[in-house]
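J.: No letters, just coordinates:
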């Protein structure tokens, strides 16, 4: 069974910071079980006042890398935001590895 951890979304440091006026913020985080290759991710959508508009959790099976799970969670967060009609967003999570990989592939043909 997946070790259920509190999916307190990454708030970067001590406190959640609101997005700029007119924007929404999407926060997400993952919990990963390396022995079972299972994980879960949580996504939360808030407006600039901090009101929670929606949240979503997902269970992932047979994904052997926390990097891949975090990348999938990021894509799923963006898709869920689009499905909610959210057009102006700030996305926040705590994976430096995913951020660096995204920055390194920006402007190249790598996927």
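T.: Now that the structure is in, tell me what you want to look at. Since the model is a prediction, treat every value here as computed from it, not as a measurement. Numbering: from 1, shown residues only.
J.: residues making contact with stretch 78-97?
T.: The contact list for stretch 78-97, computed with CB atoms under 8 Å, 6 or more residues apart in numbering, reads 10-12, 19-20, 22-29, 43, 45, 53-54, 56, 67, 70, 73-74, 77. Just so you know, the C-beta spots here come from the backbone N, C-alpha and C atoms, and that holds for glycine as well.
J.: Buried subset of those residues, written for PyMOL?
T.: Selection of buried members from the contacts of stretch 78-97 for PyMOL, criterion 16 or more other CB atoms under 10 Å:
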select buried, resi 19+24+25+26+27+28+29+43+45+70+73+74+77
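J.: Tell me which of the contacts of stretch 78-97 fall in helices.
T.: Counting by DSSP state H, the part of the contacts of stretch 78-97 found in helices is 67, 70, 73, 74, 77.
J.: Just put these in JSON lines and tack on pLDDT.
T.: Converted to JSON lines, those look like this (pLDDT from 0 to 100):
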{"residue": "67", "pLDDT": "83"}
{"residue": "70", "pLDDT": "86"}
{"residue": "73", "pLDDT": "87"}
{"residue": "74", "pLDDT": "87"}
{"residue": "77", "pLDDT": "86"}
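J.: Please identify which pair of the residues you listed lies farthest apart.
T.: Maximum pairwise distance among the ones in helices among the contacts of stretch 78-97 (CB to CB): 15.7 Å, between 67 and 77.
J.: if we look at the sheet, which residues does the residue positioned nearest the centre of the chain bridge to?
T.: The chain has residue 28 as the residue nearest its centroid, 2.9 Å off, counting by CA atoms, centre = their mean. Beta bridges link residue 28 to residue 43, judged by DSSP bridges.
J.: my read: it touches residue 40, true?
T.: No - if you go by CB atoms under 8 Å, residue 28 and residue 40 don't touch, sitting 11.1 Å apart.
J.: Next up, the contacts around the closest residue in space to residue 25 that isn't next to it in sequence.
T.: Nearest residue to residue 25, sequence neighbours excluded (CB to CB, 6 or more residues apart in numbering): residue 19, at 4.3 Å. Contact analysis of residue 19 by CB under 8 Å, 6+ apart lists 25, 46, 48, 89, 90.
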